[in-house]
Each structure stands twice: as structure tokens, then as C-alpha cells.
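J.: model the structure of this input:
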Amino acid sequence: MSRVGKHIVTVPNGVNVIFANNTISIVKGNKEAKYTVPTCLDVNLSSDGILFTPTNGERTTKALWGTTQRNVSNIIKGLIEDFKINLKLTGVGYKAAVKGKKLDLQLGFSHDVTYDIPNGVSITCPDPTTIVVSGSDKKQIGDIAAFLRSYRKPEPYKCKGISRVGEFIYRKEGKKK
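T.: Okay, the predicted model is just below:
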């Protein structure tokens with residue numbers, strides 16, 4: 001039994017929720033997000049919020065129950081307040097700068113790496129060794145942060161590379177003489 005799925009998703013004031021054709025449309029001001037609900041779940045809209053209930057007792061239905069509840073909850077939370085992921089660059093000469101709709105990265109390669117910033121996402125660099133990725137879609141923000149990290153993953157000897165702020169990197173001991 002899902003412990004997450006049985007909780008009601010609260011809808012704050014100023015957020016409108018419309019359910020039609022297995023699609024939930026969530027609107028706040030000029031921002032709108034849509035989520036397609038699996039057919040194995042029923043959606044009950046009430047003044048308290050949104051409640052999802054499974055139509056059968058299959059294993060996949062139980063798995064989708066909690067996932068759907070959490071995804072809709074994250075969409076509502078993202079429309080109210082943007083999600084943020086902080087990345088840090090560690091290494092001699094590693095720098096980042098935003099120029100228009102492009103992120104320029106100097107990561108020790110013979111060339112600079114440029115990344116086109118997609119719509120709905122804002123990337124800022126408060127200083128040359130910090131990147132802040134923010135937006136309303138939690139999955140998209142996480143995917144972008146993982147993609148930027150994949151350019152130069154932190155290596156275990158000197159921790160040079162791109163890592164999340166607060167991420168633990170297992171350090172290895174170097175060669176001994």
C-alpha cells in the first residue's frame with residue numbers, strides 16, 4: 001500500500017486545477033502545467049485538494065499511485081516557488097558565465113563548452129565558480145543539472161569537476177613514494 005499516494009495534495013489559493021480527459025491542468029497566473037494521469041487511477045477534486053485512488057490492486061497501479069501524487073504535488077510547488085539546484089566548479093581555470101541564452105563553460109578542454117539554455121529555465125552565475133539552475137519543473141531542472149555535471153564529473157583524487165553543492169565525493173589517496 002502506498003504511503004505517499006493516500007495523502008491529499010493541497011491546492012493553495014490562487015492555483016486553479018482542472019481535470020478533463022485524464023489530464024490535470026494546473027494554472028497559476030500566466031504559468032500553466034499539465035500532467036496526464038494514468039487510467040488506473042481515479043482523481044477526486046474537492047475543496048481540500050486532490051485525492052488519487054487506485055481502481056485495482058495490481059502492483060503497477062500501486063507504484064503509479066504514489067508517483068502520480070508526488071509529481072502533481074511537485075508541479076503545484078514549482079508553480080508557487082521555483083526549484084533551485086546549485087552547482088560548483090572546482091579546478092584551476094574552471095569558470096562559467098552566462099551570455100544571453102547560452103552558458104559558457106571553461107572546463108580544462110582545448111575548447112569552451114557552450115550550452116543553450118532551454119525555455120522555462122533560468123541559469124545564473126553569481127560568481128565564476130557557481131552555477132544556479134532554477135525553474136518550475138523539478139524533473140527538467142534535475143536533468144539539466146545532471147547534463148551539466150556530465151561535462152566534467154568530479155574525479156576522486158583532487159575533486160576537480162562540476163558537483164552539486166553539499167555532494168559528498170569519496171576521496172582516494174594518491175600514489176605514495
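J.: which one is Pro12 nearest to, not counting chain neighbours?
T.: Residue nearest to Pro12 in three dimensions, not counting chain neighbours: Ile80, with 6.4 Å by Cβ to Cβ, 6 or more residues apart in numbering. Any C-beta I mention is one placed from the backbone N, CA and C, and that applies to glycine too.
J.: actually Asp104, sorry about that
T.: Using Cβ to Cβ, 6+ apart, the nearest residue to Asp104 is Ala97, at 5.0 Å.
J.: tell me, how many neighbours does the one you found end up with?
T.: Around Ala97 there are 13 other residues, counting by other Cβ atoms under 10 Å.
J.: who are the packing partners of the helix or strand containing Leu51?
T.: Per DSSP states H and E: Leu51 is located in strand 49-54. With contacts taken as 3 or more Cβ pairs under 8 Å, 6 or more residues apart in numbering; DSSP states H and E, strand 49-54 sits against strand 9-10, strand 41-45, helix 59-80.
J.: which residue ranges of this structure form strands?
T.: 9-10, 16-20, 23-28, 31-36, 41-45, 49-54, 83-90, 95-99, 102-106, 113-116, 121-124, 130-135, 161-164 (DSSP state E).
J.: contact partners of the longest one?
T.: Yep, that's strand 83-90 we're talking about. The contact list for strand 83-90 (Cβ atoms under 8 Å, 6 or more residues apart in numbering) reads 77, 95-96, 105, 107, 128-138, 141-142, 145, 148-149, 154, 159-165.
J.: and with 6 Å instead?
T.: With contacts defined as Cβ atoms under 6 Å, 6 or more residues apart in numbering, strand 83-90 is touched by 96, 129-134, 138, 141, 145, 159-160, 162, 164-165.
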